[in-house]
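*Asks:* Test case, fold it:
(chains A and B, ligands or ions: 1)
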Amino acid sequence: MSRTVFDRVWDAHVVQELADGVALLYVDLHLVHEVTSPQAFAGLRHAGRRVRRPERTLATVDHNVPTGDRSLPIADGVAARQLDALGTNAREFGIELFDLASPNQGIVHVIAPELGATQPGMLIVCGDSHTSTHGAFGAFALGLGTSEVEHVLATQCLVLPKPRNLEARFTGTRAAGVSAKDLILALIGQIGTAGAAGYVIEYTGEAIRGLSMEERMTVCNMSIEAGARAGMIAPDETTFAYLAGRPRAPSGAGWDRALAGWRGLRTDPGAHYDRQVTLDAASVAPQVTWGTHPGMVAGITARVPNPADLPTEDERRAAERALEYMGLVPGTPLAGIPIDRVFLGSCTNARIEDLRAAANVVRGRRVASRVRAMVVPGSQQVKAQAEKEGLDRVFREAGFEWRNAGCSMCLGMNADILGAGERCAATSNRNFEGRQGRGGRTHLMSPVMAAAAAIEGRLVDVRQW
Amino acid sequence: MVSPFVRHRGKAAALPRRDVDTDQIVPKQFLTAVERTGFGPSLFFDWRYARDGSPNPDFELNAPAAQGATILVTGPNFGSGSSREHAVWALAEYGFRAIIAPSYADIFVANCCRNGVLPVQLKAPEVDVLMQRAQRATQERPYEIVVDLGELAVSDDSGFAARFTFDPYGRDLLLRGLDEIGRTLLEEPRIAEYERLHT
Ligand code: SF4
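*Replies:* Residues are numbered from 1 along each chain as shown, chains lettered A, B, ... in the order given. A predicted model of the protein is given here:
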C-alpha cells in the first residue's frame, strides 16, 4: 500500500495498537526544558520511578533564563528555583543538561537540530508545542503536556490516536524579500488557526524543496499555529547535507546505514492524504499580523480589515476585540504603523541565517530614535557564529541590543517584556493578548521585515528597500 | 491519581469568546512554579483582575451568576497555543469539571484527559443554545447542565439533549481515573521487545 512520509514514520514506531486508531509509540528523542518538566520529575520521584532511557533524553534551559550578563546571579528568585530544579532533576535521573554555563545552551528547538540530535524518521517529543520545528527533518515531532512528559520519561513511550494527514503544497517560486515566515503565515491566514486541528501537515511542492533547512524549520515551527499536531517535510539532499558532520549525527559506516534508511522516507506517488491545500508561493507578499492570533494576518500592502466585513457574528466580535486590544482602526494601511520595540528572536526565527538576513538590512543604518530593538540569538552556538562573522557589531552599531540565548521576549517569562500599549515588531510566533507582556501589542513578521521596521520606526514593505 | 469522571451535574458559566488560548487561561508569569497546584487564582488572570488586583466586573466569570460554576460553555478552538498543562490545572483547581465548546486544540484535549477534566465537543448550534441559557442565568436561578461521559450525552432541565463522541482511549482514562503510566508499564515486554529489535 502506498504511504505518506508520516505513515512511514508512524508505522515504524508502533509498539502496540491499543484501541481503534490509538497506538503505543516508541520515542527516539525526548527534549526537556525547565518550565514544563518539574512536576513530571516530581511525579516520578513520588512514584519511585526512574527515567527509562536517560541517554535518549536531552535537557536545556531556555524559557525563563535571563539574556543579559551571564556572570551575574539570577535576579529573579522564582526563575532561579525552576532552573535549579532542572539541574537537580537532571543529576538525579542521569540526564544530559545544557545549562546556562554551557556553550550549547539555547532554545530547545534550536539546539537539537544544530547538534545533529534531530534526525529524519525519528519520533521526537518535548513539553512544548513548537516541537513541530523538528519535523523539518522528516521526523514526527510533537508537543506534549506535563503528564505526557512524565509518561515518556517513565516508559519512553507515548499513547496517541493517529492524527489525520494534510498536504500543504506550495507551488511556484517566492519573490525576493519574501521569507519562509511569510509562506507559513500566509498558509495560516488561509486555513485559520484551527485549520489543521487533528492533522499532521506535510509540506510539499517546489517552493518547499527550495528552502534551506533553517527555512524549513521556520515553516514547520508554526504548524502548531495552524492547529496541527505536527508538521513534516520529507528529507532530501538538503537535509542530509545539513546533518553531515554534526556532533550527534551518525558518522562513518553508521552514517551510510542511516542515510540508506533516510532515503526511503518519502511519500509514495498517489499516497492518500485526508485533505489537501495549495498555496501559490509566487503570490505571497511579506506578511504582518494585525490582530491577536496568527491567523489575523495580511500582506504588508493591505489595510487593517473592517470587522463588519467578516462573515459571522462570532468572527466580527473577535476582530473588534482584537483591534481594540491592538489599538488599530479599520482601513489604516499596515505599512506605516509606528512601532516602539523590535524583537529579533525565538525558535521560529533566531538561527544564523535569520540573523544574517536581518544584519544585511540594518548594516550601516541606525535604529529609529523612538525604537528599542533587541536581538536574542536562538542558541549560544548561533551567537558565537554570529560574533565570528561580525554580525554582533553590525547590530550594535545600528543600535540593537545584543543578548544571550533564550526564549526571552517571545513569551516574556524573564525581564524582557513589553509595557502596556507598546507596539512590537516581532519575529516570534504568537501575537496573543499579553504574550509579550500585559497590554503589549505584537505584530508577527519575518526577520528582514522586523529589521526594516526597526530602522524606519514603522512597519514597511521590505521589498521597497 | 485523578478522580474518575463518569457523570457530572453542575452550574454552567458562559465565556462567549473564540480562540481562547492557553496564554489567556494561565499567563506566563505563573509558569514558574515547580508544583501542580496553586494555579486556580491565576486562571484568566489578565481578564479576571484589573491592574490594581481587584476583580474586573466586566469579565464573564466574575458575574455573581457564574460563581460556583463547574461547567464552562465557550467558543471554538478553546485551549489553543502553548502546550502548558498549567492551563488545565488552573481550570480544574478553579472548579471546572467539564468544558463544552465546538472545538479544541489537540494538546489541550490530551491534557484534560489526564487531569479528570472533560472537554465535550458539541456542534456550534448546540453550544449556542447552552451559551444563551447560561447567559440568562441569575444568582437566584442558576443554569445547570448534566454531562454524562458514560452515555456520551449532554442534557439540561429545559429539554436540551445532545450526543457527543470521544476518543476511546481518552474516554477510558477519564472514566477510570487511571494511572496512565502504570497501565503502560504493563506493556513492558512489548516495549523491551521493540527496543531489542530497533535499537
Ligand atoms: S522561543 Fe517562544 S515559542 Fe519557542 S520555545 Fe521559546 S517560548 Fe516557546
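*Asks:* Could you use CA atoms for every contact and neighbour count after this?
*Replies:* Noted.
*Asks:* so is residue A:149 in a helix, a strand, or just coil?
*Replies:* At residue A:149 the chain is in helix, as set by DSSP: H, G, I helix; E, B strand; the rest coil.
*Asks:* er, residue A:285 I mean
*Replies:* Under the three-state scheme (three-state DSSP), residue A:285 adopts coil.
*Asks:* Pull the contacting residues for it.
*Replies:* With contacts defined as CA atoms under 8 Å, 6 or more residues apart in numbering or on different chains, residue A:285 is in contact with A:175, A:178, A:182, A:299-301.
*Asks:* May I have stretch B:84-104 as PDB, with CA atoms only?
*Replies:* Presented in PDB, the C-alpha positions along stretch B:84-104 are these (Å, rounded to 0.1, in the frame of the first residue of the first chain):
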ATOM      1  CA  ARG B  84       1.200  24.200  29.100                       C
ATOM      2  CA  GLU B  85      -0.800  21.700  31.200                       C
ATOM      3  CA  HIS B  86      -0.900  24.500  33.800                       C
ATOM      4  CA  ALA B  87      -4.000  25.700  31.900                       C
ATOM      5  CA  VAL B  88      -5.900  22.600  32.800                       C
ATOM      6  CA  TRP B  89      -4.600  22.500  36.300                       C
ATOM      7  CA  ALA B  90      -5.900  26.100  36.700                       C
ATOM      8  CA  LEU B  91      -9.300  25.200  35.300                       C
ATOM      9  CA  ALA B  92      -9.600  22.200  37.500                       C
ATOM     10  CA  GLU B  93      -8.500  24.000  40.600                       C
ATOM     11  CA  TYR B  94     -10.900  26.800  39.900                       C
ATOM     12  CA  GLY B  95     -13.600  24.200  40.000                       C
ATOM     13  CA  PHE B  96     -14.300  23.300  36.400                       C
ATOM     14  CA  ARG B  97     -15.000  19.600  35.700                       C
ATOM     15  CA  ALA B  98     -16.200  19.900  32.100                       C
ATOM     16  CA  ILE B  99     -15.900  22.300  29.200                       C
ATOM     17  CA  ILE B 100     -18.400  22.500  26.300                       C
ATOM     18  CA  ALA B 101     -17.200  24.000  23.100                       C
ATOM     19  CA  PRO B 102     -17.500  23.500  19.300                       C
ATOM     20  CA  SER B 103     -13.700  22.600  19.000                       C
ATOM     21  CA  TYR B 104     -10.500  22.400  20.900                       C
END
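*Asks:* Now look at that stretch and say if it contacts chain A.
*Replies:* Yes: contact of stretch B:84-104 with chain A (CA under 8 Å from any CA of the partner chain) involves B:84-85.
*Asks:* biggest strand in the chain by residues?
*Replies:* Let's take chain A. In chain A, ranked by residue count with DSSP state E as the criterion, the top strand is strand A:164-171.
*Asks:* meant chain B actually
*Replies:* Once chain B is assigned using DSSP E, the strand that runs over the most residues is strand B:7-15.
*Asks:* Quick one: mean pLDDT over that strand.
*Replies:* Averaged across strand B:7-15, pLDDT comes to 98.
*Asks:* Would you confirm that residue A:429 contacts residue A:350?
*Replies:* No: taking CA atoms under 8 Å as the definition, residue A:429 is not a contact partner of residue A:350, at 11.5 Å.
*Asks:* which residues touch the spatially most central residue of chain B?
*Replies:* The centroid of chain B falls nearest to residue B:99 when counting by CA atoms, centre = their mean (4.3 Å). For residue B:99, the residues meeting the contact criterion (CA under 8 Å, 6+ apart) are B:71-74, B:117-120.
*Asks:* need the contact list for the residue of the stretch 51-200 of chain A found nearest the ligand.
*Replies:* Of the stretch 51-200 of chain A, the residue with the smallest distance to the ligand, taken as CA to the nearest ligand atom, is residue A:63 at 5.4 Å. When contacts are counted by CA under 8 Å, 6+ apart, residue A:63 is found next to A:33-35, A:107, A:406-408, A:411, A:413-414.
*Asks:* In what element of secondary structure is it found?
*Replies:* Counting by DSSP states H and E, residue A:63 is held by no secondary-structure element, helix or strand.
*Asks:* same question, residue A:58
*Replies:* When secondary structure is defined by DSSP H and E, residue A:58 falls within strand A:57-60.
*Asks:* For the contacts of residue B:99, give me a markdown table that also has secondary structure, pLDDT and distance to the ligand.
*Replies:* As requested, the contacts of residue B:99 are arranged in a markdown table below (DSSP: H, G, I helix; E, B strand; the rest coil; pLDDT from 0 to 100; distance: CA to the nearest ligand atom, whole Å):
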| residue | secondary structure | pLDDT | distance to the ligand |
| --- | --- | --- | --- |
| B:71 | strand | 98 | 30 |
| B:72 | strand | 98 | 27 |
| B:73 | strand | 98 | 28 |
| B:74 | strand | 98 | 25 |
| B:117 | coil | 97 | 25 |
| B:118 | strand | 98 | 26 |
| B:119 | strand | 98 | 24 |
| B:120 | strand | 98 | 28 |
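*Asks:* Between which two of those is the distance greatest?
*Replies:* Among the contacts of residue B:99, the pair separated by the greatest distance (CA to CA) is B:74 and B:117, at 14.8 Å.
*Asks:* and the helix or strand hosting residue A:79, how far from the chain's centre?
*Replies:* Residue A:79 is part of helix A:77-93 when elements are defined by DSSP H and E. Going by CA atoms, centre = their mean, to the nearest Å, the spacing between the C-alpha centre of helix A:77-93 and its chain's C-alpha centre is 24 Å.
*Asks:* Could you pick out the residues of the stretch 151-300 of chain A near chain B for me?
*Replies:* Proximity of the stretch 151-300 of chain A to chain B, by CA under 8 Å from any CA, involves residues A:151, A:154-155, A:161, A:194, A:197-198, A:224-225, A:227-229.
*Asks:* Can you tell me which of those residues end up in helices?
*Replies:* For those, membership in helices holds for A:151, A:154-155, with DSSP state H as the criterion.
*Asks:* Out of the residues you listed, which end up buried?
*Replies:* When burial is judged by neighbour count using 16 or more other CA atoms under 10 Å in any protein chain shown, the buried members of these are A:151, A:154-155.
*Asks:* Out of those residues, which comes closest to chain B?
*Replies:* residue A:151 (5.5 Å; CA to the nearest CA).
*Asks:* Any idea what the nearest residue to residue A:28 once chain neighbours are set aside is bridged to?
*Replies:* Nearest residue to residue A:28 in three dimensions, chain neighbours excluded: residue A:123, at 5.3 Å (CA to CA, 6 or more residues apart in numbering or on different chains). Beta-bridge pairing of residue A:123 under DSSP bridges involves residue A:140.
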